[in-house]
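Novice: Got a predicted structure here, sequence first:
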Amino acid sequence: MTELQASLVGIGGLIVVGVISYNKWQEWRAKKSVEQAFSPLQDDVLLKQDLNPGTPGGRQEPVLNPFEGPDLVDTAVAPDPDLGAEPDEVVESMPAPAAASVAAAPVRRSPLDPALDCIVPLALDTPLRGEKVSAAFHSLHLVGSKPVRVIGLNETGDWEAVAVGGIYSALQVGVQLATRAGALSELEFSELASRLDQLSDELGASLELPEMGGTITQARKLYQQVQEFDAQLSINVRSGGAPWPVSTLKPALQRQGMELRPDGRLVMPDGEGGQLFSISLNANPADETSTRITLLLPVALVAPDRDGFKAMAAFAKSLAGRLSGAVVDDEGQPLSDAALSAIAHQVDDFYAAMAQAGVPAGSPHAQRLFA
């Protein structure tokens with residue numbers, strides 16, 4: 001090997017080492033930037049603000065702003081100093097109500113909804129235990145893609161989901177008329193009728209099937225509503241430099257209030273078991289880094305008073321500030337405050353249209369249709 005060749009080999013080796021070192025430095029810098037972005041802030045006035053100043057002692061909304069950190073809001077109701085007594089003492093000092101003023105317990109609402117379900121009554125020859133009914137319907141949970149539920153009239157005169165230990169004098173079977181997958185079809189209706197005919201013989205019951213034509217028409221109208229209002233809005237936070245390490249980003253987001261669900265989704269809880277919005281890191285499971293975070297709002301599932309879009313936009317802007325990124329749309333174009341405000345007004349109009357159609361966003365009706 002000549003001296004020139006040896007020099008070239010040496011220079012090439014230095015270049016390779018330099019490239020590897022630079023890449024490692026870039027990864028280290030990206031990881032440190034995420035850690036610093038989500039590190040606790042000292043003397044942050046936002047941490048000391050009352051999240052609901054107008055409702056002392058009332059239910060508090062979950063922390064949405066990433067700058068407020070992961071601390072949970074205390075929802076305990078404190079004693080009112082103006083009452084001059086502890087809550088138990090106040091209860092004991094109150095006069096007992098007259099017997100005539102005690103309201104009767106409300107009748108439990110049926111789990112089935114005529115607006116959403118095709119309801120088939122089953123009259124029983126004799127009352128049945130819940131164990132026998134549950135065993136009979138064990139294999140009938142779906143007709144096609146439509147959920148099937150069975151409820152019974154219990155000893156107190158209430159309709160409830162059939163449960164072990166209950167005794168029922170009548171049954172109702174409900175199949176959901178429409179889902180996001182489609183409307184109940186003639187074939188699915190016929191399958192339901194055939195299965196129920198067999199079960200009625202087994203249980204000693206007589207069934208009363210609704211007219212198929214009217215049921216299918218109602219199902220198709222309901223599916224039109226599903227198609228009209230099944231909407232998701234997205235906001236993206238794009239990296240302004242090196243990709244973010246997923247292994248660092250995920251736990252950092254959880255510390256800011258995001259909840260990791262069993263299915264792997266990161267969601268912002270609404271404080272009552274539901275969600276406001278979810279986050280996708282736009283990375284395959286095998287990817288170690290990401291250059292984009294996408295926030296998704298399932299509009300129909302979030303009630304208007306939750307201000308889901310405004311909460312999502314505020315969270316996105318905070319993330320962008322912390323991670324030196326930019327808030328952009330799905331095409332990568334910047335989203336200004338004016339653009340976000342315009343979208344918020346469109347969301348308000350969308351909610352009004354849902355309410356007018358009889359499907360208020362976030363209601364039990366909407367939760368079943370758009371789940």
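Specialist: Received the coordinates, thanks.

Novice: which regions of the stretch 1-150 of the chain lie under the pLDDT threshold?
Specialist: Counting by pLDDT under 70, the stretch 1-150 of the chain shows low-confidence ranges at 1-109.

Novice: switch the cut-off to 50
Specialist: Within the stretch 1-150 of the chain, the stretches with pLDDT under 50 are 41-105.

Novice: Show me where the stretch 201-350 of the chain has its helices.
Specialist: 212-229, 246-255, 308-322, 337-356 (DSSP state H, counting those that start in this stretch).

Novice: Against which helices or strands is the second one packed?
Specialist: Contact partners of helix 246-255 among helices and strands, from 3 or more C-beta pairs under 8 Å, 6 or more residues apart in numbering; DSSP states H and E: helix 3-37, strand 266-269, strand 289-290. Every C-beta, even on glycine, is put in place using the N, C-alpha and C of the backbone.

Novice: and with 7 Å instead?
Specialist: Counting contacts by 3 or more C-beta pairs under 7 Å, 6 or more residues apart in numbering; DSSP states H and E, helix 246-255 packs against helix 3-37, strand 289-290.

Novice: what about residue 152, distance to residue 257?
Specialist: With distances taken as C-beta to C-beta, to the nearest Å, residue 152 is found 41 Å from residue 257.

Novice: Hmm, residue 179 and residue 219 touching each other?
Specialist: No. Counting by C-beta atoms under 7 Å, residue 219 does not reach residue 179; the two are 10.1 Å apart.

Novice: Settle it for me: which of the two has more neighbours?
Specialist: residue 219 (24 against 20; other C-beta atoms under 10 Å).

Novice: which residues does the more buried one contact?
Specialist: 177, 178, 183, 184 (C-beta atoms under 7 Å, 6 or more residues apart in numbering).

Novice: Just give me the closest of those residues to residue 313.
Specialist: Using C-beta to C-beta, residue 178 comes nearest to residue 313 of the contacts of residue 219, at 31.4 Å.

Novice: Isn't that closest one up against residue 218?
Specialist: No. Counting by C-beta under 7 Å, residue 218 is not a contact partner of residue 178; they are 8.9 Å apart.

Novice: Which one of those two is surrounded by more residues?
Specialist: Shown here are residue 178 and residue 218; by other C-beta under 10 Å, residue 178 has more neighbours (23 against 19).

Novice: Report the separation between the more buried one and residue 161.
Specialist: On the measure of C-beta to C-beta, residue 178 and residue 161 end up 21 Å apart.

Novice: How about residue 208?
Specialist: 20 Å.

Novice: do the same with residue 212
Specialist: Taking C-beta to C-beta, one finds residue 212 at 26 Å from residue 161.

Novice: Equivalent analysis for residue 174, please.
Specialist: For residue 174, the distance to residue 161 equals 10 Å [C-beta to C-beta].

Novice: Now list whatever residues contact both of the two.
Specialist: Counting by C-beta under 7 Å, 6+ apart, the common neighbours of residue 174 and residue 161 are residue 149.

Novice: Which of residue 152 and residue 257 has more residues huddled nearby?
Specialist: More crowded of residue 152 and residue 257, by other C-beta under 10 Å: residue 152, with 25 against 21.

Novice: Pull the number of nearby residues for residue 156.
Specialist: Residue 156: 9 neighbours (other C-beta under 10 Å).

Novice: Assign it to one of the three secondary structure states.
Specialist: When classified by DSSP: H, G, I helix; E, B strand; the rest coil, residue 156 comes out as coil.

Novice: okay, and for the stretch 151-300 of the chain, where does confidence drop off?
Specialist: Of all residues in the stretch 151-300 of the chain, none has pLDDT under 50.

Novice: Strands along that one, start to end?
Specialist: Taking DSSP state E, counting those that start in this stretch as the criterion, the stretch 151-300 of the chain carries its strands at 159-161, 167-176, 178-179, 182-183, 205-207, 232-238, 244-245, 259-260, 266-269, 275-280, 289-290, 292-298.

Novice: Taking the centroid of the chain, which residue is nearest it?
Specialist: residue 275 (3.7 Å; C-alpha atoms, centre = their mean).

Novice: didn't that residue look like it was pressed against residue 266?
Specialist: No. Residue 275 lies out of contact with residue 266 (C-beta under 7 Å); the separation is 10.0 Å.

Novice: Make CSV out of the strands of the stretch 151-300 of the chain and add distance to residue 143.
Specialist: Formatted as CSV, the strands of the stretch 151-300 of the chain follow (distance: least, C-beta to C-beta, whole Å):
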stretch, distance to residue 143
strand 159-161, 18
strand 167-176, 5
strand 178-179, 11
strand 182-183, 12
strand 205-207, 15
strand 232-238, 27
strand 244-245, 45
strand 259-260, 33
strand 266-269, 30
strand 275-280, 28
strand 289-290, 41
strand 292-298, 25
